[in-house]
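Asks: Got a sequence here, can you build the structure:
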Amino acid sequence: MTSKVKITFLGTADQIPSKDRNHTAILLTYEGENILIDCGEGTQRQFRKADLNPCKITKILLTHWHGDHVLGFPGLLSTLALSGYNKTLYIYGPKGTKKFVDELLRVFNFRKEYKIVVEEVSGKFFETKDFYLKAEKMEHGIPCYAYSFVKKGQLRIDKKKLERAKILSGPHLQNLKEGKDIIYEGKKYKSKDLTFQDSDLKVSFVLDTRENNKIVSFVKDSDLFVCEASYADDLKDQAKEHLHMTAKQAGDLAKKAKVKQLVLTHISQRYEKAPHIILDEAKKSFKNTILVKDLDVLEV
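Replies: As a prediction, this is how the structure comes out:
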């Protein structure tokens with residue numbers, strides 16, 4: 001059974017938090033990885049509310065350095081130090097991230113006994129045999145990124161073909177999983193005849209940005225497309241002015257990119273009493289859309 005990718009929405013507000021929505025932070029969990037995307041003010045308390053341990057964080061991806069996405073970051077670093085965090089913490093972000101992290105560590109002079117590695121990234125910047133991470137520049141007035149997590153499709157054994165060939169379980173099956181041909185009871189079998197390749201699983205995060213022509217190609221065929229929806233379409237001029245997107249634009253992008261599901265976040269407090277305005281607008285363009293609230297969890 002394959003491991004699922006779990007997405008916990010710790011904060012879903014835009015620039016100003018509301019009574020029910022905290023500043024932006026999203027935790028992606030896959031096997032031993034716990035990848036935090038952004039760390040808005042109050043993220044540590046959201047970890048507590050979600051019964052999650054911040055000491056399990058392995059990587060932090062920062063989309064950009066506006067306050068509503070990073071004001072919880074220095075506090076989190078301090079808490080990790082006080083909590084005996086004993087891993088290497090990898091921090092990834094756009095140009096300027098190294099300088100900003102150095103300044104934070106200087107200003108908030110806490111005792112740090114764990115190692116921090118900061119990288120300013122672009123394109124595919126991390127890869128294992130199971131998954132990789134990609135970044136793409138967005139348009140938000142300062143260096144800003146969208147991110148994708150891609151779980152690689154695995155080579156799977158076709159059980160029905162095994163049954164037809166009357167091949168029983170044994171160590172030879174591991175060779176098939178590795179793409180190697182086998183000899184079973186004196187007969188040679190080719191791996192390609194008994195296996196198939198899973199599709200990749202892709203989760204994309206496009207948070208603060210205005211609509212731009214890089215988004216569709218970057219999020220194309222995503223299983224989950226997590227996108228900001230700060231404004232309804234009647235405020236599209238204001239959205240453009242502030243370098244954000246409307247729910248309609250998010251829905252249009254999802255349709256063009258042929259994603260499986262659109263997930264709306266980064267919701268303005270102006271829609272706190274009527275979030276359906278945002279959801280309904282996106283659904284007109286892309287039916288399979290949901291609007292998340294704080295502490296919602298999705299699995300793919």
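
Asks: What segments of the stretch 51-200 of the chain are strands?
Replies: Counting by DSSP state E, counting those that start in this stretch, residue ranges of the strands within the stretch 51-200 of the chain are 59-61, 89-93, 116-120, 123-127, 131-137, 145-151, 155-157, 182-184, 187-189, 195-197.

Asks: With mean pLDDT and distance to Leu173 as extra columns, can I get those in TSV?
Replies: (Each C-beta comes from the backbone N, C-alpha and C, glycine too.) Output for the strands of the stretch 51-200 of the chain, formatted as TSV (pLDDT from 0 to 100; distance: least, Cβ to Cβ, whole Å):
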stretch	mean pLDDT	distance to Leu173
strand 59-61	98	33
strand 89-93	98	35
strand 116-120	96	38
strand 123-127	97	26
strand 131-137	98	24
strand 145-151	98	22
strand 155-157	78	6
strand 182-184	83	8
strand 187-189	85	11
strand 195-197	77	10
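
Asks: can you put those in CSV and add distance to Ser169 and mean neighbour count?
Replies: As requested, those are exported to CSV (distance: least, Cβ to Cβ, whole Å; neighbours: other Cβ atoms under 10 Å):
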stretch, distance to Ser169, mean neighbour count
strand 59-61, 37, 22
strand 89-93, 39, 21
strand 116-120, 42, 14
strand 123-127, 32, 13
strand 131-137, 28, 19
strand 145-151, 26, 23
strand 155-157, 10, 15
strand 182-184, 11, 15
strand 187-189, 14, 12
strand 195-197, 15, 14
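
Asks: among these, which is nearest Leu253?
Replies: strand 145-151 (11.1 Å; Cβ to Cβ).

Asks: strands paired with that closest one, and their directions?
Replies: strand 131-137 (antiparallel), strand 201-206 (antiparallel) (DSSP bridges).

Asks: Between those, which one is closest to Cys39.
Replies: Short answer: strand 201-206, nearest of the strands paired with strand 145-151 by Cβ to Cβ, at 13.6 Å.

Asks: Show me what that closest one is in contact with.
Replies: Contact partners of strand 201-206, identified using Cβ atoms under 8 Å, 6 or more residues apart in numbering, comprise 5, 7, 26, 28, 37, 61, 63, 138, 146-151, 153, 215, 218-219, 221-228, 253, 259, 300.

Asks: circling back to that earlier point, can I get the strands of the stretch 51-200 of the chain in a markdown table including distance to Ile278?
Replies: Conversion of these to a markdown table gives the following (distance: least, Cβ to Cβ, whole Å):
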| stretch | distance to Ile278 |
| --- | --- |
| strand 59-61 | 25 |
| strand 89-93 | 28 |
| strand 116-120 | 33 |
| strand 123-127 | 32 |
| strand 131-137 | 24 |
| strand 145-151 | 20 |
| strand 155-157 | 39 |
| strand 182-184 | 54 |
| strand 187-189 | 54 |
| strand 195-197 | 38 |
